[in-house]
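Peer 1: predicted model and sequence follow; I will ask about them next.
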2 protein chains.
Amino acid sequence: MKEDLKYKILKASLDLLEEGDVSALSMREVARRAGVSHQAPYHYFADREAILAELVRDGFERLHQDETSAVDAHDDQKDKIAALGESYVQFALENPSLFRLMFRCDMVDLDKHPDAKAAANKAFDVPIRVMGSNSNVDEATRFATVIGCWSMAHGLATLALEGVLTNKLADLDQSLDDLIRNTVKTFTARLPD
Amino acid sequence: MKEDLKYKILKASLDLLEEGDVSALSMREVARRAGVSHQAPYHYFADREAILAELVRDGFERLHQDETSAVDAHDDQKDKIAALGESYVQFALENPSLFRLMFRCDMVDLDKHPDAKAAANKAFDVPIRVMGSNSNVDEATRFATVIGCWSMAHGLATLALEGVLTNKLADLDQSLDDLIRNTVKTFTARLPD
DNA sequence: TATCTGTTCTTGACACTGTCAAGATAATAA
DNA sequence: TTATTATCTTGACAGTGTCAAGAACAGATA
C-alpha cells in the first residue's frame, strides 16, 4: 500500500529508539528492519533528523493527550495540577528514550520542524492554561508558579529517568512512584489558592 | 612533558563539546586538534566514553564548588537554598553542552566510571545536606522537599538550556535571569521553616 | 496499444567515524 | 650497551550518513 513503508520505517525507528538509546537508531538499521535498501527511507525522510522529528512530534501529541486526560479527570484545581505533574513524569518513565529525545534540541532542531514544534507547544500550553488562571496573585508570581511547577515535573522526570533518584532512594522505604506522588503533593499543597 | 598530551586532549575535547554538541566530539577530531595521530589519544583513554567521563567528572567537581560557595555565602537557611538553586541553573547556562552530558547515562555510564560517579554524588549531596536538616517536618516530607527543590532547579536548568523558557518569555517583560531568580524565590518562600 | 512521466526503490560510491593490530621511535633502566 | 617500556604512528576494517545515478513499475496521455 502507498505510504506503507513510511509507517513501517517509523515503527522500526521507535522500536530501535526504545530498545536502546538514540544512537542505536541508524538510517541503515531502520532500513534493514523494514526490509528495504539502505536508501529507501530517504524517499520519505530528508535525513535522519527528519525521522527523529517525526517521532518527537508523535511523542508530544501523546504527551498532550495524557496531560489533558489527567487534568480533565479532576475538578479541584490542585488535584488537576497534581495529576498533570504525575502524568508528565509517568509519560517520561514509560517512554524514556523518546522523552529524552523530545528535549534534545541538539538532535532535533524544532525550528527546522514546525510540526514537531507545534506539537511541543500544544503540550507546553497545558500547564500554562491550567495554572495560569489564578487571579489571586500578581502576574509575575503566577508565571513563576507555572514555570516552577513545570520545571519540577520536568526535573523529576529527568532525574528519575537517569536513575539518580533510585540511587538516593535506597535509604528510605519508598518506591519511586511513592516518591513522585509525595513530592508532587507536597508542593501542590503549598501553592497559593 | 609527561601527561602533557592527556590534558591537551581533554582541553580540545572540552572545546569541541562547548563549540557544538557532543556529536562534534570525535576521537579523530580531538587528535587532530591536539596535533597528533588519530590513535594517540588511546594511550590515555580506553575509548571515547572515557574522555567524556573525564569531562563529566570535572564538570561535577566544578558544580560542587559552585554549589558550596553559593551556600557558604549566606547565613539564612532559605537564602542558602535559593542561592544553591541559582548556582545550579547558572552552572547549566554557563556550560550547556557539558551539563547536558553530565546527565546522559546513555553516553557516560557512571557505573563504569567510579571517579565520575563519586564526583556526581558529591554534587548531589549538597542539596541533601543543606535541606535535609530541617527537623520541624517528618522525614518523608523533608525528603520530598529536597527532591522537589532539586528537581525544580534541574528542570529550570534543562528547560532554560533547551530554549523552551525563552520562547515562553516573549510575552512577559522579563529576562531569563529575572525569571529564574523569581521562580526560585517564589518557591523557597513557600518552604516550611 | 505505445510512449511518456513521475513515484518508489536499489546499487554504488564517498568521506567520515571508532577501534583493533602492529610497527616505529624515543626515553629509561639494567 | 642492551633490554624494556612508554609513547606515538601507520594501516586496516566494518560501520555510518548521504549524494548520485539508475532500475522497476504505475498511471496518464496519445
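Peer 2: Yep, it's here.
Peer 1: could you chop chain A up by domain?
Peer 2: A:1-45, A:48-189 (automatic domain parsing).
Peer 1: residues contacting the residue nearest the centre of chain A?
Peer 2: Nearest to the geometric centre of chain A sits A:Phe99, at 4.4 Å (CA atoms, centre = their mean). Contacts were defined as CB atoms under 8 Å, 6 or more residues apart in numbering or on different chains; by that measure A:Phe99 touches A:59, A:91-92, A:157, A:161. Backbone N, C-alpha and C define where each C-beta goes, glycine included.
Peer 1: and those, which is closest to DNA strand D?
Peer 2: A:Gly59 (19.4 Å; CB to the nearest atom of the strand).
Peer 1: which element, helix or strand, includes the closest one?
Peer 2: Here A:Gly59 is covered by helix A:48-72, with elements defined by DSSP states H and E.
Peer 1: which other helices and strands contact that helix?
Peer 2: helix A:4-19, helix A:27-34, helix A:77-94, helix A:96-102, helix A:114-131 (3 or more CB pairs under 8 Å, 6 or more residues apart in numbering or on different chains; DSSP states H and E).
Peer 1: now those in JSON lines, with mean pLDDT?
Peer 2: Output for those, formatted as JSON lines (pLDDT from 0 to 100):
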{"stretch": "helix A:4-19", "mean pLDDT": "95"}
{"stretch": "helix A:27-34", "mean pLDDT": "97"}
{"stretch": "helix A:77-94", "mean pLDDT": "97"}
{"stretch": "helix A:96-102", "mean pLDDT": "95"}
{"stretch": "helix A:114-131", "mean pLDDT": "95"}
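Peer 1: among these, which is nearest DNA strand C?
Peer 2: helix A:4-19 (4.2 Å).
Peer 1: circling back: okay, buried residues for the helix holding A:Gly59 please.
Peer 2: Using 16 or more other CB atoms under 10 Å in any protein chain shown as the test for burial, helix A:48-72 gives A:48, A:50-64, A:66-68, A:70-71.
Peer 1: try stretch A:22-30
Peer 2: A:22, A:25, A:27, A:30.
Peer 1: out of those, the closest to chain B would be?
Peer 2: Closest approach to chain B among these (CB to the nearest CB): A:Val22, at 7.6 Å.
Peer 1: how about the closest one: what's its closest non-neighbour residue?
Peer 2: In space, A:Val22 comes closest to A:Leu101 once its chain neighbours are excluded; the distance is 5.6 Å by CB to CB, 6 or more residues apart in numbering or on different chains.
Peer 1: what about A:Cys149, how many residues close to it?
Peer 2: 27 (other CB atoms under 10 Å in any protein chain shown).
Peer 1: quick one: contacts for it?
Peer 2: Here A:Cys149 is in contact with A:81, A:85, A:127, A:131, A:187-188, A:191 (CB under 8 Å, 6+ apart).
Peer 1: so what pLDDT did it get?
Peer 2: At A:Cys149, the model reports a pLDDT of 96.
Peer 1: tell me the first helix or strand C-terminal of the helix or strand that contains it.
Peer 2: If you go by DSSP H and E, A:Cys149 is part of helix A:139-161. Toward the C-terminus, helix A:139-161 is succeeded by helix A:164-169 as the next helix or strand (DSSP H and E).
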